[in-house]
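Enquirer: fold the following, please.
(chains A and B)
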Amino acid sequence: MVSETPIVTADEVFAANNKIRWVGLATAGGEVILNQMRPNVKSLTSTEVDEEFITLGPLTVLGVAEKYSEFLNGVEDVVAHYGLVIHVFSRLGSQILDVSMEKDNEALFQFISWLNRKKAKLDGIK
Amino acid sequence: MNEDAVWDTENGELRILGQRHTAIDAQTLCSHLDSLVGLQVAEVIMHNLEFRLGKLDAARIRAEKPQASLAELIETFAKSDRLSGVGITKVTLSNNPQYLARIEVTNPSVKATTGAAKSFLFGWWAGALTALFDKELDVKNVDYDETRNLLQGQIASR
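Expert: Presented below is the predicted three-dimensional model:
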């Protein structure tokens, strides 16, 4: 893990919605800042697998999606519906956020709303 | 070719310093990766690969040459660049606290100062010197001098 200050804390993300299971955060250079399960929630993957994934996974997914940015006014987030969980990938300030949550569309909508408010707040303090 | 580079055409093998390689068009690979995921992400993906390879290669070569000095190991690495067609690499260790080493590659196989090509040349060195000096290093201040056909960059602490 690197010493770069997280743009958001794990507690702040967990508080956004109680269906959120895990939060990962990396720098734009792929260095892991956060890799944290919600307390008392059992992980479906190992910490090592999570660490490796955060390094390049969200960044690559967003990079591919951003190919359309110039035509479609940017990428707000990318959502992956896995069999067991949902992952949300998004840039947050200069960092890359990856959140895993239970398969609950209402929770997903609430979290994305929270994410958009968080981004607007960050844009406001630039 | 000398003993450090073996091109075994009968078996379709190219080995450089004992490690099997495959000759590819590096500039096209880098340009394609840039176009797929954008310059910034391509740079990170290639850095992740090359940094890891640099660390592994440096550890392997140091284990094979336990008596070699630091300067000799770095010269071996630079020779590996020449043998694999990367270009003519010169490494200068620095007394400047801002960076540990300056890497200069004359006639580089890729020429860009951003995107995958930047990491293709310098990410490996950041990894190799990280292994040798046991400190986390990164690539900084990459610059291309067109008149001298020289790509240069610094390896510095993160």
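Enquirer: for chain B, give me the ranges with low pLDDT.
Expert: Along chain B, segments meeting pLDDT under 70 span B:1-3.
Enquirer: and the longest helix along it, what does it pack against?
Expert: Counting by DSSP state H, the longest helix found in chain B is helix B:39-64. Where contact means 3 or more Cβ pairs under 8 Å, 6 or more residues apart in numbering or on different chains; DSSP states H and E, helix B:39-64 is packed against helix A:47-65, helix B:26-37, helix B:70-83, helix B:115-133. Every residue, glycine included, has its C-beta placed from N, CA and C.
Enquirer: mind putting these in a markdown table, distance to A:E102 included?
Expert: Output for the helices and strands packed on helix B:39-64, formatted as a markdown table (distance: least, Cβ to Cβ, whole Å):
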| stretch | distance to A:E102 |
| --- | --- |
| helix A:47-65 | 17 |
| helix B:26-37 | 30 |
| helix B:70-83 | 49 |
| helix B:115-133 | 37 |
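Enquirer: most tightly packed of these?
Expert: Mean neighbour counts were compared across these using mean count of other Cβ atoms under 10 Å in any protein chain shown; the top stretch is helix B:115-133, at a mean of 25.
Enquirer: ok so, going back, and the longest helix of chain B, which residues are buried?
Expert: Under the neighbour-count criterion of 16 or more other Cβ atoms under 10 Å in any protein chain shown, helix B:39-64 has B:39-51, B:54-55, B:57-58, B:61-62 buried.
Enquirer: try stretch B:100-116
Expert: For stretch B:100-116, by 16+ other Cβ under 10 Å, it's B:100-105, B:108-112, B:115-116.
Enquirer: and B:T89, bridged to which residues?
Expert: B:V105 (DSSP bridges).
Enquirer: again, but for A:A26
Expert: Beta bridges link A:A26 to A:V32, A:I96 when assigned by DSSP bridges.
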